[in-house]
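Student: Below is the sequence, then the predicted model.
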Amino acid sequence: MEQKKHEPLIRLAKRENMATWQTWAIRIGSIFLALFLGGFVIGATGVNPFKAYSTIVSGSLGRATAIRQTVKIAVPLLGCALAIAPCFKMRFWNIGAEGQITAGAIAATYFALFWAGQMPAPLLLLTMAVAGALAGGIWGLIPAFFKARWNTNETLFTLMMNYIVIGIVRWLQGGPWEGQKGTQIIPQFAPDACLPRVLGIHCGWIIVLVMVVLMHLYMTYSKHGYEIAVIGDSLNTARYAGMNVGRVMMRTMFLSGAISGMVGFILVSGANGTLNDGVAGGVGFTAITVAWLSQLNAFGMIAISALLAILQKGAQTLQTTLAVPTSISDIITGILLFCMLGCEFFINFRLIFRGRKAKKAVHETPADSDDSPVEEATK
């Protein structure tokens, strides 16, 4: 009786073997719930929610020019999500993709400014891409080395490195690479240093789609991908199997930084045509959401990146067409992300209320207890 008295009102239990159709029903339901809640926010501004949502869709997908702009937004999101996926699979929390993108952009910009016209355009672009990947990889390797050598906190380390590299760009803008004196603006790239267009969009979208396939193969079928998965599941198991955990961490972070550096190259040579201190534009942080929502699945990241790009591009049309403030669009996006992330909780856990028969929880693993399911059921 005493044990019953102190039983919590609500307990969490780990779900096991949920049917695939149920998981997708929850995910789809969360999207509709987000749209429903977002409708109230839009309605509070005096705008018809159905008209607002149709404007978002038509503004991002209704015309060829709108589709091109949407794809340009989705490309860096997808590329950066691919970059951080292997780190997160390994439980190495890389929050420094913004800095790694910027480091790659700096390296690519150097060759664009000082080597344009001195080598053929294809060779120049290849050199810029390689330089961007190497710079991003080295920037990502630094926190991995400290983690492997002295077990530093990678979250804080990678986050702080973002601000260092942004400071370097600001120094370059107002110093060695400044175009016209006093403007603090780096000159636009020569045409030879800009990515060619395919279907009206810079060919960075092709590069990123190729990386999707390569990342899927790397994570699913390669030995390195297997090592990443083992380390993410259990460090002790990885060490017992003879894996050099520190080396795998550094190798994975170099790869993550290199892909982020490639995204930086794509941004400066494809989307922007120059370098500025906001080149990453928050992509490195938004990509974390993309990676988690896709369950670190490379092909799933395509859909999530496209959805966020549609919302972002459609929000711009919503502001110009219906005079809805940009902040409202940000709230709608936040509600959508909250619902989509929150649904994963109900996919992985169930709530057990006080007084519920214990036999119903026999096959569930409590989330807040180290006891076995059978032991929990007998309490």
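Tutor: Received, thanks.

Student: and the end-to-end length of stretch 111-126?
Tutor: The separation between the terminal residues of stretch 111-126, taken as C-alpha to C-alpha, to the nearest Å, is 10 Å.

Student: any idea of the mean pLDDT for it?
Tutor: Mean per-residue pLDDT for stretch 111-126: 93.

Student: Quick one: distance of it to the chain centre.
Tutor: 30 Å (C-alpha atoms, centre = their mean, to the nearest Å).

Student: which residues touch residue 164?
Tutor: Residue 164 makes contact with residue 99, according to C-beta atoms under 8 Å, 6 or more residues apart in numbering. In short, each C-beta sits where N, CA and C put it, glycine included.

Student: buried stuff in whatever helix or strand it lives in?
Tutor: With secondary structure defined by DSSP states H and E, residue 164 is part of helix 154-173. Using 16 or more other C-beta atoms under 10 Å as the test for burial, helix 154-173 gives 154, 157, 158, 159, 161, 162, 165, 166, 169, 172, 173.

Student: I'd like these written out as a markdown table, with pLDDT and distance to residue 305 added.
Tutor: Listed next are those as a markdown table, based on pLDDT from 0 to 100; distance: C-beta to C-beta, whole Å:
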| residue | pLDDT | distance to residue 305 |
| --- | --- | --- |
| 154 | 93 | 24 |
| 157 | 95 | 27 |
| 158 | 95 | 21 |
| 159 | 95 | 22 |
| 161 | 95 | 24 |
| 162 | 96 | 21 |
| 165 | 96 | 24 |
| 166 | 95 | 23 |
| 169 | 96 | 25 |
| 172 | 94 | 29 |
| 173 | 92 | 29 |
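
Student: can I get those in TSV with distance to residue 242?
Tutor: Below are the buried residues of helix 154-173 laid out as TSV (distance: C-beta to C-beta, whole Å):
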residue	distance to residue 242
154	23
157	27
158	28
159	33
161	31
162	35
165	36
166	40
169	42
172	45
173	49
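
Student: what's the farthest-apart pair in those residues?
Tutor: 154 and 173 (29.1 Å; C-beta to C-beta).

Student: Other residues contacting stretch 117-133?
Tutor: By C-beta under 8 Å, 6+ apart, stretch 117-133 touches 104-105, 107-108, 110-112, 115-116, 190-193, 195, 258-259, 261-262, 264-265, 269.

Student: What of stretch 219-229?
Tutor: Contacts of stretch 219-229 with the rest of the structure, by C-beta under 8 Å, 6+ apart, involve 85, 86, 89, 90, 218, 238, 243, 248, 251, 252, 296, 298.

Student: Mind listing what's buried along the longest helix anywhere in the chain?
Tutor: Scanning the chain for the longest helix, with DSSP state H as the assignment, gives helix 121-150. For helix 121-150, the neighbour count (16+ other C-beta under 10 Å) marks 124-125, 127-144, 147-148 as buried.

Student: tell me the angle that helix makes with helix 154-173.
Tutor: With axes from the mean of the first three to the mean of the last three C-alpha atoms, to 10 degrees as the basis, helix 121-150 and helix 154-173 are set at 140 degrees to each other.

Student: So what's the gap between helix 121-150 and the chain middle?
Tutor: So, by C-alpha atoms, centre = their mean, the centroid of helix 121-150 is 19 Å from its chain's centroid.

Student: Stretch 314-323 too?
Tutor: The answer for stretch 314-323 is 25 Å, by C-alpha atoms, centre = their mean.

Student: Remind me which helix or strand residue 319 belongs to.
Tutor: Applying DSSP H and E, one finds residue 319 within helix 298-322.

Student: Okay, angle between the stretch of helix or strand residue 50 belongs to and helix 298-322 too, please.
Tutor: Assigned by DSSP H and E, residue 50 falls within helix 49-61. Helix 49-61 runs at 120 degrees relative to helix 298-322, counting by the same axes, to 10 degrees.

Student: Check which helices and strands helix 49-61 sits against.
Tutor: On a contact count with 3 or more C-beta pairs under 8 Å, 6 or more residues apart in numbering; DSSP states H and E, helix 49-61 meets helix 20-43, helix 64-89, helix 298-322.

Student: where exactly do the helices run in the stretch 151-300 of the chain?
Tutor: Along the stretch 151-300 of the chain, the segments classed as helices by DSSP state H, counting those that start in this stretch run 154-173, 204-221, 223-233, 235-240, 245-266, 283-293, 298-322.

Student: Enumerate every residue touching the spatially closest residue to residue 257 that is not a sequence neighbour.
Tutor: Excluding the flanking residues, the one nearest residue 257 by C-beta to C-beta, 6 or more residues apart in numbering is residue 140, at 2.3 Å. By C-beta under 8 Å, 6+ apart, the contact list for residue 140 reads 94, 96, 100, 158, 253, 254, 256, 257, 258, 260.

Student: The fourth one and residue 190, how far apart?
Tutor: Distance of residue 158 to residue 190, computed by C-beta to C-beta, to the nearest Å: 33 Å.

Student: same question, the second one
Tutor: The gap separating residue 96 from residue 190 is 30 Å, by C-beta to C-beta.

Student: what do you get for the first one?
Tutor: According to C-beta to C-beta, residue 94 and residue 190 sit 33 Å apart.

Student: Show the pLDDT at residue 25.
Tutor: Residue 25 is assigned 84 on the pLDDT scale.
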